[in-house]
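S.K.: Any chance you could fold what I've pasted below:
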Amino acid sequence: MNRFVQLLRETISPTNTSCYICDDDAVVGGDKLCDTCRDKLRLCINPPSSPYLDGSDAGLIYTSELHRPMHRFKYRDRLEYGAFFSQYMQIPSDWEIELICPVPLHPVKELLRTYNQSEELAKYVSARDKIPYCRDLIRRTRYTKTQARRTTKQRQKNVRGAFLASKECKGLSVLLIDDIFTTGATLSACAKALKSAGAERVYALCACRAEG
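M.R.: A predicted model of the protein is given here:
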């Protein structure tokens, strides 16, 4: 089934009304959460920081309760979770954003996964805040190993020089969108590429920020 049609059907007549976190069929609100799970969410109050970024922020702290919904979103084709996570991704009022750009996957990885979860988040933020997004503003120039279970230095080395930005970003204020802010290595590498291509300012907004 076409993914868009599937999501449209789910919106009109949802087949899954259980809580997005615990799967309990308890009372679920408009945010798709039961009262118990809603109380466990922790908003990201202290924005993370990273080199080459003019500002960065995230919606939620990535606690253990969010592991399952994030895994479903990234690897199980559950794109409706993009709407769930994006509702917490609010652009700070002092950021003047002209273009939204998702952190890209390598073409091979995106072909295997069939979608880019960061792009799905970017679509929601773009539509809600009426800011255009460009999926091809930045691309990966080489395949990189997963960043999971790597130290900060290993992450930085893994993505060093792995991105190339289009000159279309010249003079613009760009917002990078990603799923989880861990050390900021990937976002920093993307921001560096964008500024090398002439971007005036680069910000980052993520669905979650890793604990610690």
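S.K.: Tell me which helix or strand the residue lying closest to residue 29 once chain neighbours are set aside sits in.
M.R.: Distances taken as CB to CB, 6 or more residues apart in numbering place residue 38 nearest to residue 29, at 7.2 Å, with adjacent residues excluded. Where C-beta positions appear, they are placed from N, C-alpha and C, glycine not excepted. When elements are assigned from DSSP states H and E, residue 38 belongs to helix 35-40.
S.K.: before we move on, the earlier item: the residue nearest to residue 29: how many residues sit nearby?
M.R.: Residue neighbour count, defined by other CB atoms under 10 Å, stands at 14 for residue 38.
S.K.: Hmm, it is touching residue 31, no?
M.R.: Yes. Residue 38 lies in contact with residue 31 (CB atoms under 8 Å); the separation is 6.9 Å.
S.K.: From start to finish, how long is stretch 20-27 in a straight line?
M.R.: Across stretch 20-27, the terminal residues are separated by 12 Å (CA to CA, to the nearest Å).
S.K.: The closest residue to residue 42 other than its chain neighbours: helix or strand, and which one exactly?
M.R.: When the adjacent residues along the chain are set aside, residue 42 lies closest to residue 61, with 4.1 Å between them (CB to CB, 6+ apart). Under DSSP H and E, the secondary-structure element containing residue 61 is strand 55-62.
S.K.: and if you look at residue 179?
M.R.: Residue 179 belongs to strand 173-181 when assigned by DSSP H and E.
S.K.: Mind listing the strands that strand pairs with, and their directions?
M.R.: Based on DSSP bridges, the pairing partners of strand 173-181 within the sheet are strand 99-102 (parallel), strand 201-210 (parallel).
S.K.: got these as a markdown table, with distance to residue 68 columns?
M.R.: Compiled in a markdown table, these are given as follows (distance: least, CB to CB, whole Å):
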| stretch | distance to residue 68 |
| --- | --- |
| strand 99-102 | 23 |
| strand 201-210 | 13 |
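S.K.: Dump those into a markdown table; add mean pLDDT and mean neighbour count as well.
M.R.: Compiled in a markdown table, these are given as follows (pLDDT from 0 to 100; neighbours: other CB atoms under 10 Å):
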| stretch | mean pLDDT | mean neighbour count |
| --- | --- | --- |
| strand 99-102 | 98 | 24 |
| strand 201-210 | 97 | 24 |
